[in-house]
Structure formats: structure tokens, C-alpha cells
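1. could you work out the structure for the sequence below:
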Amino acid sequence: MTVTSVSRTGSLLSWAEDELRVALERSALLDPRSYEIFGQGSRVNDTFIEPGSDIDLVLMLKTPFAYGWEQFRDDVLAALSESFDVRMGRRCLNVDDPASLFGEMVDILVATEFRLPTGPGTDEQGVFFRDREGRPIVNFPKRHRRNGDAKELRTRGGFKAAVRTAKRARIRAGLSAWDAPSYLLECLLHNVPDGIYRGPDPYRAALDWLRRCDPAAFAELPCQNGINHLFGPGPDQWEPATAGRIIDVLHEI
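-> Residues are numbered from 1 along each chain as shown. Next up is the predicted model:
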């Protein structure tokens with residue numbers, strides 16, 4: 001399937017979700033299971049800078065009682081292996097078919113639903129999964145997206161433009177996505193006060209604000225989802241000193 005044919009039938013994201021759903025339905029392995037497919041990452045959050053950016057999908061098992069993440073992952077791998085050559089990467093499932101647009105562009109995070117109590121009778125939906133080393137990770141991609149969209153409205157388009165500028169500056173500085181992950185950059189810039197993005201040079205002003213931030217306060221910054229801590233020892237966290245060096249490098253570009 002070509003990009004041109006995809007554009008006539010809907011967005012790339014919708015096409016990728018449909019392709020995954022059809023492949024899963026070809027197998028009987030997941031018939032009794034209730035799951036949800038949705039997008040995450042830069043394409044969904046409108047912070048991507050290249051037309052060929054990856055499409056990040058979440059395949060989330062609903063109500064995972066008595067059927068854990070490991071079993072779900074194994075069943076998903078087996079089900080998709082009936083249609084594709086698949087493998088587990090560091091965190092995501094990848095389709096090994098460079099001749100296919102689906103294999104070339106789509107990363108699939110296999111996860112189970114996680115519910116975080118937030119008050120009497122209320123909770124926040126998140127996802128649970130493990131990385132290649134078996135370390136547990138809980139994240140909240142839907143809340144991340146909602147918070148980003150809300151900040152974009154409050155800043156009149158300045159927030160996501162600054163994220164895209166930071167990604168371009170990362171490339172010019174020779175930093176890899178591993179050195180300066182897009183998620184880290186987006187979360188850092190989300191912590192900058194809304195008013196900073198309404199000035200004449202919001203990106204530079206945002207970097208200046210982060211550089212002036214009190215070290216103790218900087219170390220306590222939350223992720224964009226407002227639940228997880230951005231810095232710490234976990235597999236989905238970073239060191240404040242590393243983030244500070246990245247900000248300094250971007251500031252010089």
C-alpha cells in the first residue's frame with residue numbers, strides 16, 4: 001500500500017489502526033479478549049517534524065484480570081505472526097517487512113489497562129507494560145495527549161511549535177533521539193508557564209525559563225501527564241543533570 005492510497009481512505013493513523021485490527025481478527029487467539037487500539041506519540045500529539053515519522057500505536061488489553069501482560073504479549077506476537085514477521089524491540093513490537101508501509105512506519109506498544117484511583121469513585125486510565133529487561137512501566141498516554149492539547153489552546157499554538165523547534169534543534173546539534181528523547185523535550189517544555197509562549201520568541205524564552213529554574217524545583221518537574229515524575233531512577237525517567245545539559249546545548253543552537 002502506498003502513502004497516496006492511504007490518503008484517499010483516511011489518515012495514516014486510522015489506516016494503521018485498521019491494519020492492526022484486521023490482522024488480529026484473522027487469528028482466533030484473541031477472540032475472547034477485549035482490547036483497545038489507539039495512537040500515541042508525536043504523530044497523534046502533532047509534534048512530529050517529518051512526513052515519514054513513525055506511527056505509534058497502543059494495543060491495550062481491557063480488564064486484564066487473571067490474564068497478565070506477559071501472556072497477552074505472547075498471544076499478540078503469536079496472532080500477528082500469522083500475518084507478519086514480528087519481533088519485540090526494546091519496548092514495542094515491530095513488523096519486520098521493509099517493503100510494507102505498515103512494517104516500515106508502525107510501532108506497537110503491547111500493554112494492559114491500568115487504573116489509578118484519583119478520588120471517590122473516580123480513576124485515571126493508564127497502561128502497564130514491561131521493557132526488554134523486564135522492568136515495569138506505567139504511563140498515561142491519553143492524559144498526556146489531553147494535557148498537551150489543552151496547553152496548545154492556552155498558548156495559542158506556541159507550545160507545540162516550540163516542541164517541534166526543539167526537535168529540529170536537536171538534529172542540528174547532532175543529538176540522537178536516544179540522547180534527547182522527544183518525550184523528554186515535550187514534557188520539559190510543557191512545564192514552562194503558558195505566558196512564556198505568548199511572547200515574540202517563545203522557544204528561546206522557554207529554554208531561558210528552564211535554565212533559570214531552581215535546581216530543586218527542576219528535579220521535581222512532572223511529566224506532561226501530571227502524574228509521573230519526569231526525573232528519577234525508573235526506566236522511563238531521566239537524570240536532571242542530563243536534561244540540563246541538553247537544554248544548554250539546544251540554547252546554543
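2. check contacts around the closest residue in space to V127 that isn't next to it in sequence.
-> Nearest residue to V127 in three dimensions, chain neighbours excluded: A111, at 3.7 Å (CB to CB, 6 or more residues apart in numbering). (C-beta placed from N, C-alpha, C; glycine too.) By CB atoms under 8 Å, 6 or more residues apart in numbering, A111 lies in contact with V58, L59, M60, L61, W69, V127, F128, F129.
3. look up phi and psi at A111.
-> Note on A111: backbone dihedrals following degrees, to the nearest 10 are phi -150, psi 170.
4. bridging across strands, which residues link to it?
-> M60 (DSSP bridges).
5. do you know the pLDDT at it?
-> With respect to pLDDT, A111 scores 97.
6. any idea how far it lies from P181?
-> Distance of A111 to P181, given as CB to CB, to the nearest Å: 18 Å.
7. same check, this time on R87
-> Distance, R87 to P181, using CB to CB: 22 Å.
8. number of nearby residues for D149?
-> Counted by other CB atoms under 10 Å, the residues lying close to D149 total 14.
9. got the contact list for it?
-> Contacts of D149 (CB under 8 Å, 6+ apart): none.
10. before we move on, what about the one 5 residues further on?
-> Residues in contact with R154, defined by CB under 8 Å, 6+ apart, are D194.
11. just list the residues touching T118, thanks.
-> E124.
12. and it, which of the three is it?
-> Secondary structure, DSSP: H, G, I helix; E, B strand; the rest coil: T118 is strand.
13. one more: the one 5 residues further on?
-> Three-state call for D123 (three-state DSSP): strand.
14. give me the pLDDT value at it.
-> For D123, the predicted pLDDT is 94.
15. what about it, neighbour count?
-> 11.
16. distance of the residue nearest to V127 relative to K151?
-> For A111, the distance to K151 - CB to CB - is 25 Å.
17. please apply the same query to V249.
-> Remark: distance between V249 and K151 (CB to CB) = 24 Å.
18. show me where the chain has helices.
-> Using DSSP state H, the helices of the chain run over 3-9, 12-25, 42-45, 69-80, 101-105, 141-154, 158-172, 182-190, 202-212, 215-219, 240-252.
19. most tightly surrounded among those?
-> helix 182-190 (a mean of 23; mean count of other CB atoms under 10 Å).
20. now do it and helix 240-252, the angle between them.
-> Here the directions of helix 182-190 and helix 240-252 differ by 80 degrees (axes from the mean of the first three to the mean of the last three CA atoms, to 10 degrees).
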